[in-house]
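# Structure for this input, please:
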Amino acid sequence: MNKPTSILTGLILLAALALSAGCGQSAGPSDPTLVALGTSVAGTATAAQIEKLAVNKLATAQAEAAATAGAIAAAQTAAAAGSSQADRDYATQAAPVVAELPVYGLDSGSGRLGWRHDPLTLEITGYQQMANGNDHPEVTAADFALAADVTWDTQYGSSGCGLMFRSNGDQKKTDGYMILLTRFGSGHVLFTALSEGEIANVHDFFPKTEDQSFQWQNGTTNRLAVIARGNLIEIYTNGVKIGEVDTTQPPERLSAPPKPVQPLNQNDTAAMNTYQKQMEEYNDILDQYESTYQTALGNYNERTAVFTDGFLTMIAASESGRTVCTFEDAWLWLIEP
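Numbering: from 1, shown residues only. Next up, the predicted model:
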């Protein structure tokens with residue numbers, strides 16, 4: 001069993017990039033806590049843990065959304081007849097987003113379009129590198145829906161692509177939330193809260209538990225959506241809700257990876273040596289799990305770890321080698337009372 005590599009060390013480096021208008025890259029020294037968390041998270045995502053697969057609801061949801069799209073378009077056309085050019089332009093821009101909103105339990109009356117983003121590719125190479133991008137940095141959000149098609153090409157499975165939101169934009173003491181998709185272990189999603197640049201909450205999810213259509217291979221595309229309403233953060237992949245986080249609740253212990261299997265033939269010296277090495281690494285991961293959990297819990301109790309609004313950006317995180325994240329059909333919907 002190869003020892004998993006770190007993700008979150010690189011994620012913390014995103015604080016130094018916080019929400020520039022375009023794309024950036026940064027690298028720096030490793031933080032032992034973040035290395036431990038990245039290692040433990042990477043180790044949890046294994047196909048052996050995916051025991052229960054639910055029926056993919058995306059097709060049904062998309063069909064329902066498509067069924068309403070015609071009515072929406074007709075209503076917009078009728079309204080546009082007596083509206084200004086600005087109103088007509090907005091209706092055109094918002095129409096595809098409005099058609100998708102029912103997938104996430106929203107409708108056109110829930111708010112307004114924040115932006116639609118042109119295709120964006122973030123490409124980085126090297127050890128623990130980061131990049132972020134958003135052509136609309138002037139738009140901040142409290143409650144919102146944020147979605148994008150994410151296509152990845154990562155040399156290491158622990159590298160990933162994702163979103164940062166409700167950030168304060170402080171380059172040295174970043175507050176905010178991050179959600180990262182990784183290819184490790186047939187797909188893994190990590191939610192992290194940063195408080196003054198330190199880990200203050202963490203939750204992990206296995207998309208394929210709920211979303212049969214989730215694709216972890218290089219070159220594949222998944223649609224990632226985040227719905228933030230008050231303290232509730234809902235996470236969707238491919239139109240299927242894979243989990244939610246109540247940001248007022250403390251971090252949870254990460255799920256342990258499968259324990260190495262002892263060889264049937266214990267007289268096989270080579271096999272037993274490999275097994276012993278695997279057990280050493282396994283126990284090391286468990287120790288790191290506990291250390292990470294205790295660090296996050298301590299910071300959660302001692303710092304502010306609940307954030308109400310802030311900046312948003314798309315991110316790429318590379319453990320090592322080359323990582324390419326492409327974001328397409330990305331949009332932000334601002335949920336309003």
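# Just read off the phi/psi values of the residue located most distally from the centre of the chain.
Most distant from the centre of the chain: Asn267, at 45.2 Å, with distances by Cα atoms, centre = their mean. The phi and psi values for Asn267, taken as degrees, to the nearest 10, are phi -90, psi -10.
# Low-confidence bits of this protein, can you list those?
Low-confidence segments of the chain (pLDDT under 70): 1-82, 157, 184-185.
# All the helices of it, residue numbers only.
In the chain, the helices defined using DSSP state H lie at 8-13, 32-44, 58-80, 85-100, 269-302.
# how much space is there between the residue farthest from the centre of the chain and Ser159?
Distance, Asn267 to Ser159, using Cβ to Cβ, to the nearest Å: 40 Å. Any C-beta I mention is one placed from the backbone N, CA and C, and that applies to glycine too.
# And for Thr221?
Counting by Cβ to Cβ - Thr221 and Ser159 are separated by 16 Å.
# The two - which one has more neighbours?
Neighbour totals were compared for Thr221 and Ser159, and Ser159 leads with 30 against 14 (other Cβ atoms under 10 Å).
# How many residues are close by Asp135?
By the criterion of other Cβ under 10 Å, Asp135 has 14 neighbours.
# cool, and the one 4 residues further on?
For Val139, the neighbour count with other Cβ under 10 Å is 14.
# Could you do Gln266 as well?
Residues contacting Gln266 under the criterion other Cβ under 10 Å number 10.
# what sits against it?
Shown here is Gln266, whose contacts under the criterion Cβ atoms under 8 Å, 6 or more residues apart in numbering are Met272.
# any idea how far Gln266 is from Thr192?
Computed with Cβ to Cβ, the distance linking Gln266 and Thr192 is 41 Å.
# Tell me the buried residues in the top strand by length along the chain?
Longest strand in the chain, counting residues (DSSP state E): strand 322-335. Buried residues in strand 322-335, counting neighbours by 16 or more other Cβ atoms under 10 Å, are found at 323-327, 330-335.
# Dump the residues you listed to a markdown table, plus distance to Gly230.
Listed next are the buried residues of strand 322-335 as a markdown table, based on distance: Cβ to Cβ, whole Å:
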| residue | distance to Gly230 |
| --- | --- |
| Thr323 | 33 |
| Val324 | 35 |
| Cys325 | 29 |
| Thr326 | 31 |
| Phe327 | 26 |
| Ala330 | 23 |
| Trp331 | 21 |
| Leu332 | 17 |
| Trp333 | 16 |
| Leu334 | 14 |
| Ile335 | 10 |
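# what sits opposite Met164 in the beta ladder?
According to DSSP bridges, the partner residues bridging Met164 are Met178, Thr313.
# how close does it sit to Pro258?
Remark: distance between Met164 and Pro258 (Cβ to Cβ) = 31 Å.
# The two: which has the busier surroundings?
Neighbour count, other Cβ under 10 Å: between Met164 and Pro258, Met164 has more, with 27 against 14.
# so that one sits right up against Phe191, yeah?
No - counting by Cβ atoms under 8 Å, Met164 does not reach Phe191; the two are 11.3 Å apart.
# anything in contact with each of these two?
Listed as contacting both Met164 and Phe191 by Cβ under 8 Å, 6+ apart are 177-179.
# quick one: the longest strand of the chain to helix 85-100, angle?
Here the directions of strand 322-335 and helix 85-100 differ by 110 degrees (axes from the mean of the first three to the mean of the last three Cα atoms, to 10 degrees).
# Tell me how many other residues surround Glu196.
Glu196: 16 surrounding residues under other Cβ under 10 Å.
# ok now do it, which residues does it touch?
Neighbours of Glu196 in contact, by Cβ under 8 Å, 6+ apart: 173-175, 303.
# Among these, which pair sits farthest apart?
Greatest spatial distance in the contacts of Glu196: Thr174 and Arg303, 12.1 Å, computed using Cβ to Cβ.
# if you count what's nearby, which of these two comes out ahead?
Between Thr174 and Arg303, counted using other Cβ under 10 Å, the more crowded position is Thr174 (24 against 15).
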